[in-house]
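S.K.: Turn this into a model:
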Amino acid sequence: MSDLHVIFGTGPLGRFTAEALLTQGHRVRLISRAGTMKAAPAGAEVARADALNADQTGPLVKGATAVYQCAQPAYHRWAEEFPALQQAVLEAAAQAGAKLIVAENLYAYGNPQGQPMTESMPYNPCSKKGTVRAALSTTLFQAHSAGKVRVATVRGSDFWGPWEPIQSGMLFRAALDRKPVNLLGRLDQPHTFTYVKDFGRALAIAGTNDRALGRAWHVPSGPPLTQQQVIDALSTTLGYPVKAQAAGKVLLTLLGLFNPSVKEVIEMLYEFTGPFIMDATAMETTFGLKATPLKVRIDETLEWVKAQ
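M.R.: As a prediction, the model looks like this:
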């Protein structure tokens, strides 16, 4: 019987981590509060449990080789809810004697001031959510150093792709409907964009290779692109010009009066007003993972959006 891999979260990261693990022949169980998942990956089990309830999660995680933390609270509830959520997943993995692989972003580094971000860059958060992320990551590696649980984290930049509803709606759905695409900050600044399938593959690699343990890894995401370059590539694929408009602080502040998640974007605008570049050389050279080409990303995402 193949080993069991348990994933907290049934969003796009959980989905594509599951697909990558299933391709390798592993047993996969996805856990969410609802216990349901639209078009779940073939062969995966979807279970219902509240991550904060150890009595519910304990039996589902028991015997697992690796646990993956791909769940997160609502964007505007990070400070209030994320620490307890992640600590509960850590405790579940530790109780099961499983490896813990955690999906992270780049917020903890703060504003890189144009410098490419590597895994050795110190934490220097410049946002509330970055401070939360830095504290979460520090706690993880303290638990690893203490021998409580074996940990690896996998960090991606802003990601899009199939089953990712926010960017898919703002960018690809709007482009298909020939409406202006709403973007952030400036359109001319280089930015690393991670493909959600590559993020899932990277998480699966970290959970099945002990060489990954004890450190963070960046998802191979290809060369940085300006938002305008993404729009141009999308226009080429669609065969007609896609128009884009970029929102700044003033507009986001107005929209944030009605949408708490939009309000939370304001402090992250630095990602889109200057160069925001992630270096993933370490994972590429260590594990051979390569980023999906841009055209394939666009084709696959458009195909998914059309199917919706």
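S.K.: mind checking how far the closest residue to residue 172 other than its chain neighbours is from residue 200?
M.R.: Leaving aside its chain neighbours, residue 172 sits nearest to residue 305 (4.6 Å; criterion: C-beta to C-beta, 6 or more residues apart in numbering). C-beta: built from backbone N, CA, C; applies to glycine. Between residue 305 and residue 200 the distance is 18 Å, computed by C-beta to C-beta, to the nearest Å.
S.K.: Could you check which of the two is surrounded by more residues?
M.R.: Set residue 305 next to residue 200 and count neighbours by other C-beta atoms under 10 Å: residue 200 wins out with 29 against 18.
S.K.: list the contacts for the more buried one?
M.R.: Shown in contact with residue 200 (C-beta atoms under 8 Å, 6 or more residues apart in numbering): 12, 13, 15, 16, 17, 18, 19, 20.
S.K.: how does it look with 10 Å?
M.R.: Going by C-beta atoms under 10 Å, 6 or more residues apart in numbering, residue 200 touches 7, 12-21, 68, 70, 103, 154, 156, 159, 161, 219.
S.K.: excluding its backbone neighbours, what's nearest residue 182?
M.R.: Nearest to residue 182 is residue 170, by C-beta to C-beta, 6+ apart, at 5.3 Å.
S.K.: I should have written residue 160 there, sorry.
M.R.: Per C-beta to C-beta, 6+ apart, closest to residue 160 is residue 167, 3.6 Å.
S.K.: Let's test this: mean pLDDT of the helix or strand that contains the one you found, rounded?
M.R.: Assigned by DSSP states H and E, residue 167 belongs to helix 165-167. Helix 165-167 shows a mean pLDDT of 84.
S.K.: try stretch 40-50
M.R.: Rounded mean pLDDT across stretch 40-50 is 97.
S.K.: Figure out the length between the terminal residues of that stretch.
M.R.: 19 Å (C-alpha to C-alpha, to the nearest Å).
S.K.: Going by neighbour count, list what's buried in it.
M.R.: Neighbour counts over stretch 40-50 (16 or more other C-beta atoms under 10 Å) mark 41, 44, 46, 47, 49 as buried.
S.K.: which one among those gets closest to residue 34?
M.R.: Among the buried residues of stretch 40-50, residue 46 lies closest to residue 34 (C-beta to C-beta), at 9.0 Å.
S.K.: right, and the helix or strand after the helix or strand hosting the closest one?
M.R.: Assigned by DSSP H and E, residue 46 belongs to strand 45-48. Remark: after strand 45-48, the chain's next helix or strand is helix 54-61, criterion DSSP H and E.
S.K.: now that following helix, how far from the chain's geometric center?
M.R.: Relative to its chain's centre, helix 54-61 lies at 24 Å (C-alpha atoms, centre = their mean, to the nearest Å).
S.K.: mind listing what whatever helix or strand comes next after that helix pairs with, with the direction of each?
M.R.: Per DSSP H and E, the first helix or strand lying C-terminal to helix 54-61 is strand 64-69. Sheet pairing for strand 64-69, assigned by DSSP bridges, gives strand 4-8 (parallel), strand 99-104 (parallel).
S.K.: Out of those, flag the one nearest residue 59.
M.R.: Checking the strands paired with strand 64-69 against residue 59 by C-beta to C-beta gives strand 4-8 as the closest, at 11.0 Å.
S.K.: tell me the mean pLDDT over that closest one?
M.R.: Averaging pLDDT along strand 4-8 gives 98.
S.K.: Kindly report the same for stretch 70-80.
M.R.: On average, stretch 70-80 scores 94.
S.K.: list the buried ones in it?
M.R.: For stretch 70-80, by 16+ other C-beta under 10 Å, it's 70, 71, 72, 76, 78.
S.K.: okay if I get these as JSON lines plus secondary structure and distance to residue 110?
M.R.: Shown next, in JSON lines, are the buried residues of stretch 70-80 (DSSP: H, G, I helix; E, B strand; the rest coil; distance: C-beta to C-beta, whole Å):
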{"residue": "70", "secondary structure": "coil", "distance to residue 110": "24"}
{"residue": "71", "secondary structure": "coil", "distance to residue 110": "24"}
{"residue": "72", "secondary structure": "coil", "distance to residue 110": "19"}
{"residue": "76", "secondary structure": "helix", "distance to residue 110": "20"}
{"residue": "78", "secondary structure": "helix", "distance to residue 110": "16"}
